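*Asks:* kindly return the folded structure for what I paste below:
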Amino acid sequence: MATQVMRITLKAYDHELVDASARKIIETVKKNGSQVSGPVPLPTKKEVVTILRATHKYKDS
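*Replies:* Numbering: from 1, shown residues only. All right, here's what the predicted structure looks like:
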(Lines give C-alpha, C1' and ligand atoms only; values in the text may rest on other atoms or scores of the structure.)
Protein backbone atom coordinates (compact mmCIF):
# COMPACT_ATOMS: atom_id res chain seq x y z
CA MET A 1 0.00 0.00 0.00
CA ALA A 2 1.42 3.38 -1.01
CA THR A 3 1.74 6.05 1.64
CA GLN A 4 0.61 9.54 0.84
CA VAL A 5 1.99 12.58 2.61
CA MET A 6 0.39 16.01 2.70
CA ARG A 7 2.21 19.09 3.98
CA ILE A 8 0.32 22.31 4.56
CA THR A 9 1.98 25.65 5.26
CA LEU A 10 -0.22 28.37 6.74
CA LYS A 11 0.75 32.04 6.57
CA ALA A 12 -1.05 35.00 8.11
CA TYR A 13 -0.36 38.21 9.98
CA ASP A 14 -2.70 37.20 12.84
CA HIS A 15 -1.35 34.23 14.82
CA GLU A 16 -4.77 33.45 16.29
CA LEU A 17 -6.17 32.90 12.80
CA VAL A 18 -3.34 30.49 11.97
CA ASP A 19 -3.91 28.55 15.21
CA ALA A 20 -7.66 28.29 14.60
CA SER A 21 -7.16 27.13 11.01
CA ALA A 22 -4.59 24.53 12.07
CA ARG A 23 -6.98 23.25 14.74
CA LYS A 24 -9.79 22.87 12.16
CA ILE A 25 -7.51 21.02 9.74
CA ILE A 26 -6.34 18.63 12.48
CA GLU A 27 -9.93 17.90 13.55
CA THR A 28 -10.95 17.14 9.96
CA VAL A 29 -7.98 14.86 9.35
CA LYS A 30 -8.59 12.92 12.57
CA LYS A 31 -12.29 12.46 11.66
CA ASN A 32 -11.18 10.80 8.42
CA GLY A 33 -8.95 8.39 10.35
CA SER A 34 -5.59 9.64 9.11
CA GLN A 35 -2.44 10.23 11.13
CA VAL A 36 -1.44 13.75 12.12
CA SER A 37 1.99 14.97 13.12
CA GLY A 38 2.13 18.63 13.96
CA PRO A 39 1.57 21.50 13.86
CA VAL A 40 5.24 22.39 13.67
CA PRO A 41 5.95 26.10 14.26
CA LEU A 42 8.32 27.51 11.67
CA PRO A 43 10.75 30.34 12.38
CA THR A 44 9.34 33.81 11.82
CA LYS A 45 10.82 36.03 9.14
CA LYS A 46 12.05 39.52 9.89
CA GLU A 47 12.43 41.85 6.95
CA VAL A 48 14.98 44.62 7.49
CA VAL A 49 14.69 47.56 5.13
CA THR A 50 17.23 50.39 4.96
CA ILE A 51 15.81 53.81 4.24
CA LEU A 52 17.55 57.07 3.45
CA ARG A 53 16.92 59.71 6.10
CA ALA A 54 17.81 62.54 3.74
CA THR A 55 16.96 62.02 0.10
CA HIS A 56 19.40 64.29 -1.77
CA LYS A 57 22.26 66.15 -0.08
CA TYR A 58 23.16 63.94 2.90
CA LYS A 59 22.96 60.57 1.23
CA ASP A 60 25.64 59.01 3.47
CA SER A 61 24.25 60.17 6.82
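*Asks:* can you give me the strands in this structure?
*Replies:* Secondary structure of the chain, counting by DSSP state E: no strands present.
*Asks:* low-confidence ranges, it, go.
*Replies:* 1-2, 54-61 (pLDDT under 70).
*Asks:* now do the helices in it.
*Replies:* For the chain, the helices defined by DSSP state H occupy 15-31.
*Asks:* need the residue closest to the centroid of it.
*Replies:* Nearest to the mean C-alpha position of the chain, by Cα atoms, centre = their mean, lies Lys11 at 3.5 Å.
*Asks:* against Gln35, how distant is that one?
*Replies:* Going from Lys11 to Gln35 by Cβ to Cβ, to the nearest Å gives 24 Å. For the C-beta atoms, the positions are set from N, CA and C on the backbone; glycine is no exception.
*Asks:* just Glu16 next, same as before
*Replies:* 26 Å.
*Asks:* Leu10 now?
*Replies:* 19 Å.
*Asks:* which one's more surrounded, those two?
*Replies:* Set Leu10 next to Gln35 and count neighbours by other Cβ atoms under 10 Å: Leu10 wins out with 12 against 7.
*Asks:* which residues touch the residue lying closest to that one once chain neighbours are set aside?
*Replies:* Leaving aside its sequence neighbours, Leu10 sits nearest to Val18 (Cβ to Cβ, 6 or more residues apart in numbering; 4.9 Å). By Cβ atoms under 8 Å, 6 or more residues apart in numbering, the contact set of Val18 is Leu10, Lys11, Ala12.
*Asks:* dump the residues you listed to TSV, plus distance to Ile51.
*Replies:* Converted to TSV, the contacts of Val18 look like this (distance: Cβ to Cβ, whole Å):
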residue	distance to Ile51
Leu10	31
Lys11	25
Ala12	26
